[in-house]
Structure formats: C-alpha cells, structure tokens
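K.L.:
sharing a model that was predicted from the sequence below.
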Amino acid sequence: MYYKKSVGEIIFDVLNYCAMILLVIATLYPFWYVLVASLSNPTAVAQRGGLMLWVEGFTLEAYRTVAQNPNVWIGYKNTIIYVVGGTVVNLFMTTLGAYGLSRRNLYGKGVIMKLIVFTMFFSGGLIPTFLLVKSLGMVDTRWAMIIPGAISTYNMIIMRTAFQGIPVSLEESARIDGANDFTIMWRIIVPLSLPVMAVMTLFYAVGHWNSFFNALVYLRRRELFPLQLILREILITQSLYEMMTNVVTDREPIGETIKYATIIVSTVPILCLYPFLQKYFVKGVLIGSLKE
C-alpha cells in the first residue's frame, strides 16, 4: 500500500539525512586526511597546512622510512603479544567472574555485586596502583601490561547479564546428568554466549591495541614498548626524521608525513579485524543490556 508522507515528515527526513551525512563526514574525514597526507609529497603537505582532499605528489617515502625503523616492528611484536595474551587472560577471568555472579544460588551475590560496581566509580589511584604493581615485581615486565587490567567491571557486568538470559532448564538438565559448574560453564554457557564473547574480545583487543598509558608508567626498556608508545614518541618528538632514520638531515618536511604514515600503519590492523566481529557487536551488546 502506498503511503504519502506529510510535509512535516519529508522535512524531518531531509534534516535527518543531512545530519547523518555531516556525522559521517566528521567521522571519516580525519582518517581520510591522515591517509591522503601520508601518501602525499612532504613539501605539499607542509605548504597546505589545512584542508586536504586528494593526494598531492604521490609518494611512498614516508612508508619506506617507517618500514626501515626497527622500533616500529619491535612495537608491533610487543603489541601483538599484549593483545593476544591480554585478551586471553581478560576473557578467562571475566568469564569466571561473570559465571559466578550469574548463579542464582550464590550466597551474598548482592553485596559482592555492589562492591564490584563500587570499583567502577572509585579506584585506589595511580600512585597506589603503581606501588602495588612494583611490590609484585611486575614493573618493566610484560605482565604489567596484562595483569593490572585483567578484568573490566563494565564488561563483566555485560557478560553476567548475558549469562543470566540463558534458560535455567539447560543447567538443571546438565546437573541431572552429573555435570559440575566448570562443565556447565565451558560446555553450555560459553557456547551459547558466542555473540557477547565476540563483543568482549573486540572490546579487550581494541583496548590493548590502543593502550599506551600503562606502558608509559610501568615500562622502561624500549624492547618492551608497544606500538602505541612508539607512535606517541614519533608524534611528540621534534626531530621526527632524525629519530626514524638515526641520521641528521635537513629534510624536515618529511616529518609530518612520517607521523601520518605511522598512524595508518598502527590503525589498519585493528580496522581489518573489526568487520569479522561487527556482525556480533550489536547483538551481543543488546543481549547484555536488555535482559536482567
């Protein structure tokens, strides 16, 4: 059946589309600018100094310079270690915590939940946390990038709520067959919660990939630095080209394009991962937010 829209509805649709288009432009243009600038001639980028829509003087010199810097590849290796190891620990610990809190017969569950939620709003602070990490002997080790953030309270609450949405009858049937809690968790609860598990994987992996503050606080040896800390150094260092090549030169304009090339190099892998998990993203978040 054909439905004729009123003038007010047409005006609303037009304004809505305009707002969405502006939002898309505002979201995508910064990335587009970085990509275009990284492929452009350094002198053209320095002279432009503002809006840039297309590549000017196509060159891959900035990417070649980045590829020749051993610190970038060391940072890549460390970041992959932190992402894989940290995400595995995060998922394991979060699953254990969420499963325990989702059990209806857990004694004192309300008090425990309130104490956990309390940590979302109040923490010990940076100095006490650093002293704790130091007393545990994790300063200047890879563990400092994994253990202190082993569980995210927010993520655990989402996963707990998702676990609570699974029918109790499945658990009761498993217990009749002699299954214990670990069997129920790994054989029933986790397989039925793959969408929310995929979302948690995405959250934790992106968090580890973008993390630089913990490395800035806890790490001293450059061979342990993640890629984001290397990127931070590149972005704030004045002599960019000298740092990337270890050679003093007067080719200063290339420093800007090196910054942009490094940003692209550090961003593309996580962008390639997202499409494979995107289909679970909305479904998993809704599962964790609507059921109680």
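P.N.:
Yes, it's here. Residues are numbered from 1 along each chain as shown.
K.L.:
what stretches of the stretch 151-292 of the chain score poorly on pLDDT?
P.N.:
Applying pLDDT under 70 to the stretch 151-292 of the chain picks out residues 237-255, 277-292.
K.L.:
if I look at Val66, how far off is Arg175?
P.N.:
Here the distance between Val66 and Arg175 works out to 56 Å (Cβ to Cβ, to the nearest Å). All C-beta atoms are positioned from the backbone trio N, CA, C, and that covers glycine.
K.L.:
these two: who's more crowded?
P.N.:
In terms of neighbours (other Cβ atoms under 10 Å), Val66 is the more surrounded of Val66 and Arg175; the figures are 24 against 13.
K.L.:
so that one versus Pro42, what's the distance?
P.N.:
13 Å.
K.L.:
what do you get for Trp73?
P.N.:
Computed as Cβ to Cβ, the Trp73 to Pro42 distance reads 23 Å.
K.L.:
more neighbours: these two, which one.
P.N.:
Between Trp73 and Pro42, counting by other Cβ under 10 Å, Pro42 is the more crowded of the two (21 against 14).
K.L.:
is it true that Thr119 touches Ile151?
P.N.:
No. Taking contact to mean Cβ atoms under 8 Å, the distance of 9.5 Å between Thr119 and Ile151 leaves them out of contact.
K.L.:
the more surrounded of these two?
P.N.:
Each of Thr119 and Ile151 has its neighbours counted (other Cβ under 10 Å); Ile151 has more, 18 against 11.
K.L.:
count of residues packed around the residue nearest to that one when sequence neighbours are not counted?
P.N.:
Closest residue to Ile151 apart from its sequence neighbours, by Cβ to Cβ, 6 or more residues apart in numbering: Met93 at 4.9 Å. Neighbourhood size, Met93 [other Cβ under 10 Å]: 15.
K.L.:
show me what contacts Tyr274?
P.N.:
Listed by Cβ atoms under 8 Å, 6 or more residues apart in numbering, the contact set of Tyr274 reads Leu202.
K.L.:
quick one: which helix or strand includes it?
P.N.:
Taking DSSP states H and E as the criterion, Tyr274 maps to helix 254-290.
K.L.:
what's the answer for Lys134, then?
P.N.:
helix 126-135.
K.L.:
with only the CA atoms kept, save the helix or strand just after that helix in CSV.
P.N.:
Helices and strands here follow DSSP H and E; after helix 126-135, the next one along the chain is helix 153-164. Written as CSV, here are the backbone C-alpha positions of helix 153-164 (Å, rounded to 0.1, in the frame of the first residue of the first chain):
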residue,chain,number,x,y,z
THR,A,153,34.0,-4.3,35.6
TYR,A,154,31.7,-3.0,32.8
ASN,A,155,32.5,-5.9,30.5
MET,A,156,31.9,-8.4,33.3
ILE,A,157,28.5,-6.9,34.1
ILE,A,158,27.5,-7.2,30.5
MET,A,159,28.7,-10.8,30.3
ARG,A,160,27.0,-11.7,33.6
THR,A,161,23.7,-10.3,32.3
ALA,A,162,24.1,-12.3,29.1
PHE,A,163,24.7,-15.5,31.1
GLN,A,164,21.6,-14.8,33.2
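K.L.:
give me the distance between Ala150 and Val199.
P.N.:
When Cβ to Cβ is the yardstick, Ala150 and Val199 sit 18 Å from each other.
K.L.:
who's more crowded, those two?
P.N.:
Neighbours of Ala150 and Val199, each counted by other Cβ under 10 Å, are more numerous for Val199; the result is 26 against 14.
K.L.:
figure out the helix or strand that that one lives in.
P.N.:
In this structure, Val199 sits in helix 194-210 according to DSSP H and E.
K.L.:
for that helix, which helices and strands make contact with it?
P.N.:
Applying 3 or more Cβ pairs under 8 Å, 6 or more residues apart in numbering; DSSP states H and E, one finds that helix 194-210 makes contact with helix 70-102, helix 153-164, helix 227-236, helix 254-290.
K.L.:
Leu35: what's it in contact with?
P.N.:
Going by Cβ under 8 Å, 6+ apart, the list of residues near Leu35 reads Tyr260, Ile264.
K.L.:
next secondary structure after the helix or strand where it lies?
P.N.:
Of the helices and strands defined by DSSP H and E, Leu35 is found in helix 7-38. Downstream of helix 7-38, the next assigned helix or strand under DSSP H and E is helix 42-48.
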